[in-house]
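**Student:** just need the structure, nothing else, for what follows:
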Amino acid sequence: MKTILFVEDDPIIIQVYRGPLKNSGFQVEVAEDGLVAMKLIPQMRPDLVLLDVMMPKVEGTYVLKFIRSRPELKDTKVIILSNATNADVASEVLAQHPDRVFLKSQSTPRELVKAVTELLGEADPVPQPAA
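**Tutor:** The predicted structure is shown next:
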């Protein structure tokens, strides 16, 4: 099963996106701030990091730099899911080459699941109840 580390501090956003990702066959773990994410990523080696930018303790831009600067992690797929629209923040994020960028206010869970599936290949099939 492909593993996603969802780095997000808003419990509502976690709830909105986590369910559709799990229902699509992905294992979803959550880190509620960037500092926790930076501790988990080297241990977990997730297939994909779903990363907010504006977070407590350590911002997502720093987490993305951390991922891209480590040889063993630099190829980790990263999707930015944020409402940060400041031009300086946007250029700093893009300079670290995320695989995709989504604005929370303009994205649906379906669009995000589609992007994750494209980046990771097919998710493991979800067992269907017997008829």
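**Student:** element containing the closest residue to residue 70 other than its chain neighbours?
**Tutor:** Closest residue to residue 70 apart from its sequence neighbours, by Cβ to Cβ, 6 or more residues apart in numbering: residue 42 at 7.3 Å. For glycine as for every other residue, the C-beta is placed from the backbone atoms N, C-alpha and C. Residue 42 belongs to helix 34-44 when assigned by DSSP states H and E.
**Student:** and that helix, what does it pack onto?
**Tutor:** Counting contacts by 3 or more Cβ pairs under 8 Å, 6 or more residues apart in numbering; DSSP states H and E, helix 34-44 is packed against strand 3-7, strand 27-31, strand 48-51, helix 60-69.
**Student:** buried residues of the very next helix or strand once past the last one, list them for me.
**Tutor:** Read in the C-terminal direction, the helix or strand following helix 60-69 is strand 77-82, with elements assigned using DSSP H and E. For strand 77-82, a neighbour-count test (16 or more other Cβ atoms under 10 Å) marks 77, 78, 79, 80, 81, 82 as buried.
**Student:** what stretches of this protein score poorly on pLDDT?
**Tutor:** Applying pLDDT under 70 to the chain picks out residues 84-91, 94-95, 122-131.
**Student:** residue closest to the middle of it?
**Tutor:** Geometric centre of the chain, nearest residue: residue 50, 0.4 Å, by Cα atoms, centre = their mean.
**Student:** for the nearest residue to that residue once chain neighbours are set aside, give the beta-bridge partners.
**Tutor:** Nearest non-adjacent residue to residue 50, counting by Cβ to Cβ, 6+ apart: residue 6, 4.6 Å away. With DSSP bridges as the criterion, residue 6 is bridged to residue 30, residue 50.
**Student:** appreciated, that's everything.
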